[in-house]
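Colleague: sequence unknown, structure follows:
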Ligand SMILES: *Cc1c(COP(=O)(O)O)cnc(C)c1O
């Protein structure tokens with residue numbers, strides 16, 4: 001086996017490097033003009049009015065929940081089949097995440113399961129566009145509207161994804177993105193929240209900067225006020241310079257991911273697995289390419305077989321309620337039935353912009369062999 005193939009990786013070109021160097025040589029390393037420029041390009045791309053760039057996707061989720069100003073002890077319904085940050089942001093803000101089950105096809109929050117979890121304390125829903133496939137947003141919106149709930153879209157997987165012909169970024173009250181290196185575009189670490197609501201945008205800007213109402217450039221004198229308990233979630237100018245450059249190449253990145261998904265579909269057909277389902281309502285952004293192994297095959301043995309062959313397969317995700325921290329908070333070990341079944345059988349194959357066709361073929365061959373060994 002030549003070099004290892006990871007499950008995801010960034011793609012950095014000479015233009016990215018030049019943009020970062022230029023920012024490093026400028027007068028501003030942080031809170032300078034590149035932050036606003038990046039926010040403007042991002043909001044334009046996703047079709048949102050306001051964008052607030054921060055230093056991680058997790059920070060974006062934290063300020064999103066914080067901006068809703070929910071009463072202590074509020075319940076927020078979310079999916080367990082995601083990265084832990086989607087639920088942790090509730091706990092940061094004194095709210096309790098309530099896990100609702102996913103649907104067996106797209107692995108996204110099942111609107112019927114959400115309905116069953118609504119109580120008097122429920123104040124919001126955080127839905128995650130798993131793997132880059134937007135949720136049943138219209139159904140979730142209808143539930144939110146009829147129960148007076150706020151909606152946060154964790155679109156960490158879904159930059160560039162579309163729902164019913166419109167790009168993700170303005171469907172929910174707040175949409176959150178991540179620019180971690182495995183995501184579609186990267187700023188090293190980074191994230192952003194977008195919204196149509198000026199009040200929410202203002203609060204998120206304050207929460208990013210200690211809860212202070214003015215940045216230094218907005219101050220006429222030394223005076224400023226701290227209005228909320230915020231954090232320092234600021235992102236640097238050189239990261240935003242990278243983000244602007246990366247975002248300018250997003251179309252090619254999405255197109256390549258679509259090609260890879262198609263090629264996997266062709267090469268993996270006939271194997272004892274279920275290929276990813278794509279709803280006719282969406283343009284899938286293909287952050288992840290996951291397969292579901294048939295019941296009799298041990299996922300863990302296939303995982304080992306793939307890793308042995310230098311293929312960086314992964315499992316997305318261990319259901320959040322299973323972690324010892326959540327167990328100590330009193331969550332059940334197997335709260336959600338569909339999630340449990342999918343978790344036991346799912347495997348993430350490599351998917352990233354620079355993955356070559358022959359590497360996709362190598363992955364497919366390794367999968368065939370690993371499944372044979374695992375039977
Ligand atoms: C990556 C990710 C996050 C967090 O993003 P960071 O930038 O790593 O903090 C949140 N939610 C989901 C679903 C993610 O995949």
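Modeller: Looks like it arrived, so ask away. On a predicted model such as this, the values are computed, not experimentally measured, just so you know.
Colleague: show me where the chain has strands.
Modeller: Using DSSP state E, the strands of the chain run over residues 50-54, 75-78, 96-99, 122-128, 150-154, 162-163, 166-167, 174-178, 191-195, 273-274, 282-283, 289-293, 346-349.
Colleague: The residue of the stretch 201-350 of the chain found nearest the ligand - how many residues pack around it?
Modeller: When scored by C-beta to the nearest ligand atom, the stretch 201-350 of the chain has residue 287 as its residue closest to the ligand, at 7.4 Å. (C-beta placed from N, C-alpha, C; glycine too.) When neighbours are counted by other C-beta atoms under 10 Å, residue 287 registers 27.
Colleague: so what's it up against?
Modeller: 8, 131-132, 156-158, 182-184, 257, 351 (C-beta atoms under 8 Å, 6 or more residues apart in numbering).
Colleague: Try it again at 7 Å.
Modeller: Residues near residue 287 by C-beta atoms under 7 Å, 6 or more residues apart in numbering: 131-132, 157, 183-184.
Colleague: Ok, residue 58 next?
Modeller: With C-beta under 7 Å, 6+ apart, residue 58 has these contacts: 85, 191.
Colleague: Could you point out the bridge partners of residue 347 in the sheet?
Modeller: residue 291 (DSSP bridges).
Colleague: Was I right to think it contacts residue 301?
Modeller: No. If you go by C-beta atoms under 7 Å, residue 347 and residue 301 don't touch, sitting 10.9 Å apart.
Colleague: can you redo the strands of the chain as a markdown table with mean neighbour count and distance to residue 34?
Modeller: Formatted as a markdown table, the strands of the chain follow (neighbours: other C-beta atoms under 10 Å; distance: least, C-beta to C-beta, whole Å):
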| stretch | mean neighbour count | distance to residue 34 |
| --- | --- | --- |
| strand 50-54 | 27 | 9 |
| strand 75-78 | 25 | 33 |
| strand 96-99 | 21 | 34 |
| strand 122-128 | 25 | 29 |
| strand 150-154 | 25 | 25 |
| strand 162-163 | 18 | 28 |
| strand 166-167 | 17 | 23 |
| strand 174-178 | 29 | 17 |
| strand 191-195 | 29 | 13 |
| strand 273-274 | 16 | 44 |
| strand 282-283 | 22 | 29 |
| strand 289-293 | 22 | 33 |
| strand 346-349 | 22 | 33 |
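Colleague: can you pull the contacts of the closest residue to residue 273 other than its chain neighbours?
Modeller: Closest residue to residue 273 apart from its sequence neighbours, by C-beta to C-beta, 6 or more residues apart in numbering: residue 291 at 4.6 Å. With contacts defined as C-beta under 7 Å, 6+ apart, the neighbours of residue 291 are 268, 273-275, 347, 349.
Colleague: how close does residue 60 get to the ligand?
Modeller: Residue 60 sits 8 Å away from the ligand, going by C-beta to the nearest ligand atom, to the nearest Å.
Colleague: Quick check, that residue in contact with residue 194.
Modeller: No. Contact criterion C-beta under 7 Å: residue 60 and residue 194 do not qualify, at 9.1 Å.
Colleague: roughly how far apart are whichever residue of the stretch 1-150 of the chain sits closest to the ligand and residue 17?
Modeller: Across the stretch 1-150 of the chain, no residue is closer to the ligand than residue 57, which sits at 2.5 Å (C-beta to the nearest ligand atom). As for residue 57, its distance to residue 17 is 23 Å (criterion: C-beta to C-beta, to the nearest Å).
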